[in-house]
Every structure is written in C-alpha cells, then in structure tokens.
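Chemist: Got a sequence here, can you model it:
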Amino acid sequence: MPNRNIIKIRTGYTFRGTIKFAPDATHNLIQIKNIIKDGLGKKIDTSSLDKIYSPTDNSSLYVRNGDILILKKGNDYKSYMLEDVPNNTLVGHNFLIIRSLDKEVLPPEFLTFFINLPSSQLFLNTQAGGGRQGDLGKSALEKLNIPILSKEKQTELMVLANEINKEKVILEQLISNREKQLQKLIEFKMDEKEIG
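Modeler: Next up is the predicted model:
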C-alpha cells in the first residue's frame, strides 16, 4: 500500500494470559462475535461490547471512530469502519487495524469502500498465506495499491456503489418472495393431491 505517510496499519492487541471480563470494568473489547449481519452485508456492532479490566493504559492502542478493521484469518477480508466506538476500546490480535492519517485526502469511508471491492478482495486473497485457512498479514495489506482520487471522484464511486447495493437488496427481496411463492404453490399442490 503506497502513501504510508497517510495510512497506518497495525495488528490488534495481543493479550498475555487470560482476558479478565467484568461488567464494571473500564475498558471495552471488540471481538469476532461483534461482527453482525446488516442487510446484505455485515458491520461491527459497538453497542454491546464486553467490558474488560485494562491490560494497558497506552491510549495509542485504543481504536476510535473511523478506524477500519479486517479479520486476519479466514477467506473473507472485508473491512469494517468503526462508528460510535466507546472510549478505551481495544481490538484483539485477530484483527488488523487501518487508520487514515489524513482524512481529507483519504477518508475512511472511501478506504473501506476500496478494500471491499471484488478486485481488492481477490488481491488480498492471493496475498494471504496459510493454505486453506488464509492468514492476512500487515505486509500483504501494505501491497494493496490504494488510489488517491479527488473528493468528487471518491464521492461519485461511493454513490454508484450505494446504488448497486440498494439494487442488490431489492433483487434479494424479489428472489426471496418468489421462493416463498414457489413453496406455497408446492404445498397447495400437495394438499390437492391428498384431497384427490
């Protein structure tokens, strides 16, 4: 990934020993279980994070709004932009964290959009080591060539992507409705057969 002066990539926090969870603890932890379904896609839900006792007071290790997370293991390297992140929130070592250091030049929304493009996902899959269960490292992510475009071009691309996603939702609903229709028709025909 060029433009390293405006992007920082790091691995989530590596806990030494057992994580100490407690409802009255002062820190929060984002985990894999916080990735939830959101329409056709997924997002990170920060509304019900587990509370933990502080393993570190180094605030530079905490994540904040606009940071982007990617799961390191698996075959899906979708990126998730964080929103509404509580103070003192850590992310475990199974995530990579990307931060735009210049949000005017490279907004996190555009960075997330670009990483989630099929071509970027294909590239990341080819870079991940580890055989059948991929393992995406920081160095692999650094090789992804992120273009620096004007704000107008970034907006134009993201608007088009949003329109495509809306169309996908409509088509998915249409397919689901047709499948329900088919199921009802099958049940009706079976009932007819039993009566006859």
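
Chemist: Between its first and last residues, what's the separation in stretch 49-65?
Modeler: One end of stretch 49-65 to the other measures 15 Å (CA to CA, to the nearest Å).

Chemist: If we go by neighbour counts, what in it is buried?
Modeler: Neighbour-count burial for stretch 49-65, counted by 16 or more other CB atoms under 10 Å, picks out 49-52, 55, 62-63. (Glycine included, C-beta is placed from N, CA and C.)

Chemist: May I have stretch 8-20 exported as CSV, CA atoms only?
Modeler: C-alpha atoms of stretch 8-20 as CSV (Å, rounded to 0.1, in the frame of the first residue of the first chain):
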residue,chain,number,x,y,z
LYS,A,8,-1.1,3.3,9.4
ILE,A,9,-1.6,-0.4,9.7
ARG,A,10,-1.2,-2.4,12.9
THR,A,11,-2.3,-5.7,14.5
GLY,A,12,-4.8,-5.7,17.3
TYR,A,13,-3.7,-6.1,20.9
THR,A,14,-2.1,-9.4,22.0
PHE,A,15,-3.3,-10.3,25.5
ARG,A,16,-0.8,-12.0,27.8
GLY,A,17,-2.7,-14.5,29.8
THR,A,18,-6.5,-14.7,30.4
ILE,A,19,-8.7,-11.8,29.5
LYS,A,20,-10.4,-10.6,32.6
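
Chemist: buried ones in stretch 28-44?
Modeler: For stretch 28-44, a neighbour-count test (16+ other CB under 10 Å) marks 28-30, 34-35, 43-44 as buried.

Chemist: could those go into CSV alongside distance to Met81?
Modeler: Formatted as CSV, the buried residues of stretch 28-44 follow (distance: CB to CB, whole Å):
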residue, distance to Met81
Asn28, 17
Leu29, 18
Ile30, 13
Asn34, 14
Ile35, 13
Lys43, 8
Ile44, 8
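
Chemist: out of those, who's nearest Leu124?
Modeler: Using CB to CB, Ile35 is the member of the buried residues of stretch 28-44 that sits closest to Leu124, with 16.9 Å.

Chemist: Identify the bridge partners of the residue nearest the centre of the chain.
Modeler: Central residue of the chain (CA atoms, centre = their mean): Tyr80, 2.7 Å from the mean position. In this entry, Tyr80 is beta-bridged to Leu69, by DSSP bridges.

Chemist: And the buried residues of stretch 28-44, which is closest to Lys166?
Modeler: Lys166 lies nearest to Lys43 out of the buried residues of stretch 28-44, by CB to CB, at 16.4 Å.

Chemist: Wait, a strand at that closest one?
Modeler: Yes. Looking at Lys43 with DSSP: H, G, I helix; E, B strand; the rest coil, it is inside a strand.

Chemist: was I right about it contacting Ile68?
Modeler: No. Here Lys43 lies out of contact with Ile68, judged by CB atoms under 8 Å, at a distance of 12.0 Å.
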